[in-house]
Structure formats: structure tokens, C-alpha cells
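Novice: task: produce atomic coordinates for the following.
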Amino acid sequence: MHSKLGMVTSVEAQATRAGVEILEAGGNAVDAAVAVGYALAVTHPSAGNIGGGGFMLVRPEGGPTVAIDFREVAPMGLTQADFDAMIEARGVGPAASGVPGSVAGLNLAQRRFGKLPLARVMQPAIQLALKGHVIGQREGMTLIWSHRALRKDAEARRVLAPKKRALKPGTRLFRKDLGHTLELIAKQGDAGFYRGKTARAIVAAMGKTGRITLGDLAGYEAKQRELLSLDYRGLRVEVMPPPSAGGVAVAEMLKMWERLRAYSHAPDSVAAAHFFVEIAKRAHADRRFDVVDPDTSERDVEAVRRRWLDPMHWLEPHPIDPKRATPASELHSLYTKAAEELEHTTHFSVADHDGMVVSCTTTLSAGFGAKYVVAGTGIVMNNSAGAFGSVGESTLKGGRRMTSSMAPTLVLKDGTPILVLGSPGGDTIPNTVFQVLRNVVDYQLPLSVAVERGRMHHGFLPDEVRYERRKPPATGVLDGLKALGHTISKKTIPIGDANDLMRIDGEYFGVADSREGGLAAAPKQLAPSP
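Specialist: Presented below is the predicted three-dimensional model:
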């Protein structure tokens, strides 16, 4: 799909069309991205949300790029005992929920950069909720996977799992409670969610175990952050800064890859795969243990940033041996304390005909978050409190944002965005972003091919290499990695879902990753600007 009028790509076709509708109505890329974000809360409820959080990069034509952090925040009253009980309950229920940030983040972007009224931008999502949307193949699969868990909560059962068998693709699903909540936000802005009726309903849903209060909700703020930027092979790469740990990992991997000149190895060679796995191990150690909400840290932020962007901070004490795999346990003393990250996010990319681009990733953490719905509102709540670590920098603290692997990314050439990148997938996100970027920049592949190529993953823990069964590495690569001492995982499910954009000579090329079956679409015509 290509067009000079703009482009929208997301995991869900009806949400993509919502964004295209707003572009055709005269909205810009931010208007369209906000429309997609709210629509995904309706049509992709396992990850799209207003009860979770996310990160967004916005670059107006001519710049500069703005990073918007709307990650969830730990309730002020959340204690270590609450955290331990929540982990014991596997992240299900109100105790697992952080204060949601999606509404504040989407609205902040729209207030600062949008051209249309918020009510107009939200209209497609409201209509999808009130008039019903058709369950797609991907949504149908997630409803099957989570059916039993959703039926354990009375409101989730009523809204998302009303029958003994999961709702099937092709079924029209009405989300009227959510539609009315969205209408309130459209009329009142942030106050329609963080105060009043909706806020009281969220607090009431906390019961005996949840800790979100009216004060927590009223005090939530989406924030603009200073970008983490780096040069890579003559291009400028802009990634989301902390509390995004994924952005840090992407930056570190690029700097190590460049320093080692690993791009000189053939794409399907054992050497290229080996160096990728080795830099991923190192970067993911920092992702897990060295990133924290900057608002709650006393560290010298600038010094830490400089270290992250210096490849020798890893390659000097832990050089990569081209003939031997480095055990992950040798790279960090906290190896045995690491925990696997939950894996259900969603990413979308948007561009308009004036050159503005948006890269946005949102999450509920696990699929359908904490597996409960706030009564009378349609809000599926996150279980992001489980993202805190028991060791390292990002441990539990009331009012602290959790770190996340979400990593919206932009690549610029001579000040113009040429790639808009991102992916869902928990700790696989940085590796997906890196591999798509590498495929385009280093291997000169078209974006469609770069996205569809098979991917590999190493996230520090477990100390094993994952690959995709349906898109396996070239013949001999896995055996070659084994010979170097790498352990190959038996988990061979798809890795990531890159819904990305590329700009060439003023024309946008959009790709919706086939792994989750999304849609890239462009406006057919544009209304005059309002």
C-alpha cells in the first residue's frame, strides 16, 4: 500500500479505517492516531485500551519530535505485600492495576498537535462501540485464549464472554457501556475519565484488593520526555526514552551492531545471527535492570544516557567472541532474579500528506490486562503493576511509572522521517524494531520484505534463542548457532507485529504485518483543512 495523501497501519482493520476517516475529514496524523487509539479500545480489547497506557512519538513536518509518556503509574497506596499477593494471583484482578494513562496521553497529543475537535476525532470509536463492530480473526483468537479467565469476572463475562463458548469471528459485538464512557471523554476531555462518574466507577471496582483512589486518578499526568537520539550509519534514530526500557535496548543494539560492523555479514549467515543474539543479550540486561522512571530516580540522568549510547560500556568488559556464545549469567549478577515480561501490546503508525508522522504503542500488559472490566463503563483494566521488578532499578514505589519494552521509533534522513517503526510483543519488541530497521537500512530491503522476514529473539532470560516456526532461519543457521554454544528454544511462536511506514520521495509505503493480520490503508481524498 502506498500513497502521497497519508497512511495508517494497525493490527485491526476497523481501527485503521477510523484513522483514514479522520485523515479524509481534514485531520492530521495526530488526529488520525488518536482516532485509531480509541477505536482499538473497542475493536482490539485484548491490548487496545483506555484502561492501560503507552508511549507515542510525534514529529510534525520540520520537527522537532516530541515523546509523550502515558505509561501507567503505581497507586500511591500500593505496598510490597499487595505486590507479592498480586504476583501470587498471576496478575489477575484489581491489585494488579496501575493508574491508566491512555486517555491522558491520547488527549495530550490531540490538544497539542491536532486540528479537529476531540469529539470529531473520537466519533468513529464511539460509533463502533454503540452500533457494534464485527469481531475479526485476531480478536476472535484472543477471545478464545482468554475466554475462561474472562468468565471469572462478572462484568467481563457480561461484556466479552457472555456465552459458554467464546464469541466467533464475524459476530457483531456491541460495547454500549464503553461507547457512553467514550462520549463522556469526548465531551469533557480528561475529566470525563479521571474525575466524576467514570473515576468513581474505577475506584468502586478496586474492591478489597485494588489500590487506585480518586486522588490517584485526579493526579495522573501524561508527560513529555526528552528523546533518546543517536546516529546510525549516517541516519538519525529517535527512540522513546525512559520509562521506556525498550527504547534503551534498541539504541544499545544499534550502537553495538555499528561498532562491530556486524552489518557486513550476510543477512542469512550464522555470523549475523550470532552477533545479533550476543548484542541482544547485553542490551536486554540493561533493559531489565538499569532503566527506571526518571521522575523517581536520583541518578545522574545525562551520565546514564551517555553510557547507554556508548557501545564500549558492554563491549569492553564483555567482548563478543565470534566463535563462542557468552552465557547470559556471565553478563549480569542479577541473572537469576530476572522475570519474563508479559506480552500483549499493540502498535500503530500514521502519516499525513503534510509530513507529520506518529509512532504509538499501547498496552494492557497481559492480554485483556487484569481480566476484569469496570462495571458500567466497558473499561478493561491493565495489570501493569506486575511490570515492576523485585531487583534492579525499577522496583515497586507508589507514584512510580513502570518501565516497559514498548519502543516506538523514528528514523530520519537529513531531518525527514523515512521510517516509522514499532511493535507489540513484550520483551521481543526491541528485537523486532531492530531487525526491521536493520533489514531496511543495512540490507536495503523493501519495507514489506523487511517486515515479513523471519525474526529471532533473545531477551537475556531465558538464555535461549527463539525463532519463528513459520518463518525459520536459513538452512544451517540453527545448527551453526548450536555449534557456537547457543541454546535453541522450543518456543517457536510468531515474534512481534510490525505495523510500520516508510517514506520515499514524498510517498508513504505502509505495511501491516501478516503475523496478526492488520491493515494498512490510505485516504482516497482529503477534505479542506478546517
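Novice: strands along the stretch 301-450 of the chain, start to end?
Specialist: 344-352, 357-365, 373-374, 379-380, 409-413, 416-421 (DSSP state E, counting those that start in this stretch).
Novice: out of those strands, which is closest to residue 60?
Specialist: strand 357-365 (8.8 Å; Cβ to Cβ). (Glycine included, C-beta is placed from N, CA and C.)
Novice: report the angle between that closest one and strand 416-421.
Specialist: Relative orientation of strand 357-365 versus strand 416-421 (axes from the mean of the first three to the mean of the last three Cα atoms, to 10 degrees): 20 degrees.
Novice: what about residue 502, which helix or strand?
Specialist: strand 500-504 (DSSP states H and E).
Novice: okay, the very next helix or strand once past that strand in CSV with CA atoms only?
Specialist: Using DSSP H and E, the helix or strand that directly follows strand 500-504 along the chain is strand 507-511. As requested, the backbone C-alpha atoms of strand 507-511 are provided in CSV (Å, rounded to 0.1, in the frame of the first residue of the first chain):
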residue,chain,number,x,y,z
GLU,A,507,5.3,8.9,-0.9
TYR,A,508,4.3,6.7,2.1
PHE,A,509,4.5,2.9,2.0
GLY,A,510,2.5,1.2,4.7
VAL,A,511,2.9,-2.4,5.9
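Novice: partners of strand 507-511 in the sheet?
Specialist: Strand pairing for strand 507-511, determined by DSSP bridges: strand 2-3 (antiparallel), strand 500-504 (antiparallel).
Novice: please compute how far the helix or strand following the shortest one lies from its chain's middle.
Specialist: In this case it means strand 2-3. Beyond strand 2-3 in the direction of the C-terminus, DSSP H and E gives the next helix or strand as strand 6-10. Between the centre of strand 6-10 and the centre of its host chain there is 16 Å, according to Cα atoms, centre = their mean, to the nearest Å.
Novice: cool, and stretch 509-528?
Specialist: Taking Cα atoms, centre = their mean, one finds the center of stretch 509-528 at 19 Å from the center of the full chain.
Novice: what is the end-to-end distance of that stretch?
Specialist: For stretch 509-528, the first-to-last residue distance is 23 Å (Cα to Cα, to the nearest Å).
Novice: again with stretch 499-516
Specialist: By Cα to Cα, the extent of stretch 499-516 from end to end equals 10 Å.
Novice: report the rounded mean pLDDT for that stretch.
Specialist: In this model, stretch 499-516 has an average pLDDT of 97.
Novice: give the buried residues for that stretch.
Specialist: Neighbour-count burial for stretch 499-516, counted by 16 or more other Cβ atoms under 10 Å, picks out 499-503, 508-513, 515-516.
Novice: repeat that for stretch 122-135.
Specialist: 122, 123, 124, 125, 126, 127, 128, 129, 130, 132, 133, 135.
Novice: and which of those is nearest residue 12?
Specialist: With Cβ to Cβ as the yardstick, the closest approach to residue 12 among the buried residues of stretch 122-135 comes from residue 133, at 9.1 Å.
Novice: the closest residue to the closest one other than its chain neighbours: neighbour count?
Specialist: Taking Cβ to Cβ, 6 or more residues apart in numbering, and ignoring the residues beside it in sequence, residue 133 has residue 43 as its nearest neighbour in space, at 4.9 Å. Residue crowding around residue 43 was assessed by other Cβ atoms under 10 Å; the count is 28.
Novice: about what we covered before: which one of the buried residues of stretch 499-516 sits closest to residue 256?
Specialist: Ranking the buried residues of stretch 499-516 by separation from residue 256, with Cβ to Cβ as the measure, puts residue 500 on top at 22.5 Å.
Novice: hang on, that closest one packs against residue 350?
Specialist: No - using Cβ atoms under 8 Å, residue 500 is not in contact with residue 350; the gap is 11.1 Å.
Novice: so what's in contact with those two at the same time?
Specialist: With contacts taken as Cβ atoms under 8 Å, 6 or more residues apart in numbering, the residues that reach both residue 500 and residue 350 are 9, 420.
Novice: residue nearest the centroid of this structure?
Specialist: Ranked by distance to the mean C-alpha position of the chain (Cα atoms, centre = their mean), the top residue is residue 361 at 3.4 Å.
Novice: that one against residue 55, yeah?
Specialist: Yes - with contact taken as Cβ under 8 Å, residue 361 and residue 55 are classed as touching, separated by 5.7 Å.
Novice: and residue 211, how many residues sit next to it?
Specialist: Burial of residue 211, expressed as a neighbour count using other Cβ under 10 Å, amounts to 22.
Novice: excluding sequence neighbours, find me the nearest residue to it.
Specialist: With sequence-adjacent residues excluded and distances taken as Cβ to Cβ, 6+ apart, residue 211 is closest to residue 75, at 3.9 Å.
Novice: okay, the one you found and residue 97: tell me how far apart.
Specialist: The gap separating residue 75 from residue 97 is 8 Å, by Cβ to Cβ, to the nearest Å.
Novice: between those two, which contacts overlap?
Specialist: Counting by Cβ under 8 Å, 6+ apart, the residues touching both residue 75 and residue 97 are 210, 212.
Novice: name the helix or strand of this structure that has the lowest mean pLDDT.
Specialist: The weakest-scoring helix or strand in the chain, judged by mean pLDDT, DSSP states H and E, is helix 80-88 (a mean of 85).
Novice: buried ones in that one?
Specialist: Residues 82, 83, 86, 87 are the ones in helix 80-88 that count as buried (16+ other Cβ under 10 Å).
Novice: could you identify the helix or strand that succeeds the host helix or strand of residue 197?
Specialist: In this structure, residue 197 is located in helix 196-204 according to DSSP H and E. Proceeding N to C from helix 196-204, the next assigned helix or strand is helix 214-218, under DSSP H and E.
Novice: does residue 125 touch residue 35 like I think?
Specialist: Yes - using Cβ under 8 Å, residue 125 and residue 35 qualify as a contacting pair, with a distance of 6.7 Å.
Novice: between these two, what contacts are shared?
Specialist: Between them, residue 125 and residue 35 have residue 18 as joint contacts when contacts are counted by Cβ under 8 Å, 6+ apart.
Novice: pLDDT weak spots in this structure?
Specialist: Residues of the chain that meet the criterion pLDDT under 70 lie in 337-343, 529-530.
Novice: show me which helix runs longest in it.
Specialist: Using DSSP state H to assign secondary structure, the helix with the most residues in the chain is helix 270-289.
Novice: in it, what counts as buried?
Specialist: Neighbour counts over helix 270-289 (16+ other Cβ under 10 Å) mark 270, 272-289 as buried.
Novice: stretch 173-193 now?
Specialist: 173, 175, 177-186, 188-190, 192-193.
Novice: next: stretch 458-475.
Specialist: If you call a residue buried by 16+ other Cβ under 10 Å, then stretch 458-475 has these buried ones: 458, 459, 460, 461, 463, 464, 465, 466, 467, 468, 471, 473.
Novice: and the contacts of it?
Specialist: The list of residues contacting stretch 458-475 from outside it, by Cβ under 8 Å, 6+ apart, reads 268-269, 273, 277, 280-281, 284-285, 287-288, 327-329, 331-332, 335, 338-341, 427-428, 431, 452-457, 478, 481, 486-489, 491-495.
Novice: which ones among those residues map onto helices?
Specialist: Counting by DSSP H, the part of these found in helices is 273, 277, 280, 281, 284, 285, 287, 288, 431, 452, 478, 481.
Novice: for residue 127, which three-state class applies?
Specialist: For residue 127, the reduced secondary structure class is helix; criterion used: DSSP: H, G, I helix; E, B strand; the rest coil.
Novice: please list all residues in contact with it.
Specialist: Residues in contact with residue 127 (Cβ under 8 Å, 6+ apart): none are found.
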